[in-house]
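Asks: have a look at this prediction, sequence included:
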Amino acid sequence: MRKMFAPLCRRTFLQYAAAAAGATISVALNTAVAAPKVSKQAVAYQDHPDGEKRCEKCAQFQPPNACKLVDGQISPQGSCRIFIPIRQS
């Protein structure tokens, strides 16, 4: 038994590819936007540094006073348990 498939023209293929790419980007953006932040208490946030650990030196810090992962305003001089140092290149 032989199944026959209609040949896929280039225009149709490109339309399917564009639709799939758009759907993938849409899902990725919705996932990124929907990620909830954690509370300051959950990460033991403090508004003063812990040695060399300072929010302004963390990869998650968003100037002037926010964090990608922690909810609320963050002091650049603050610190918490999820500190990730910025890579120096």
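Replies: Arrived safely.
Asks: report how many residues lie close to the residue lying closest to Asn65 once chain neighbours are set aside.
Replies: Excluding its sequence neighbours, the residue lying closest to Asn65 (CB to CB, 6 or more residues apart in numbering) is Gln73, at 4.8 Å. All C-beta spots, glycine's among them, are computed from the backbone N, C-alpha and C. Using other CB atoms under 10 Å, Gln73 is surrounded by 12 other residues.
Asks: wait, Gln73 sits on Pro63?
Replies: No. Using CB atoms under 8 Å, Gln73 makes no contact with Pro63, being 12.0 Å away.
Asks: Thr12 versus the residue nearest to Asn65, what's the distance?
Replies: Spatial separation of Gln73 from Thr12 under the definition CB to CB, to the nearest Å is 51 Å.
Asks: mind listing the residues bridging to Ala66?
Replies: Gln62 (DSSP bridges).
Asks: how close does Cys58 get to Tyr16?
Replies: Separation of Cys58 from Tyr16 (CB to CB): 42 Å.
Asks: among the two, which residue is more densely surrounded?
Replies: Cys58 (23 against 11).
Asks: tell me the phi and psi of the more buried one?
Replies: phi -100, psi 140 (degrees, to the nearest 10).
Asks: give the contact list for the residue lying closest to it once chain neighbours are set aside.
Replies: Counting by CB to CB, 6+ apart, Cys58 lies nearest to Phe83, which is 5.2 Å off, once chain neighbours are set aside. Contact partners of Phe83, counting by CB atoms under 8 Å, 6 or more residues apart in numbering, are 50, 53, 55, 58.
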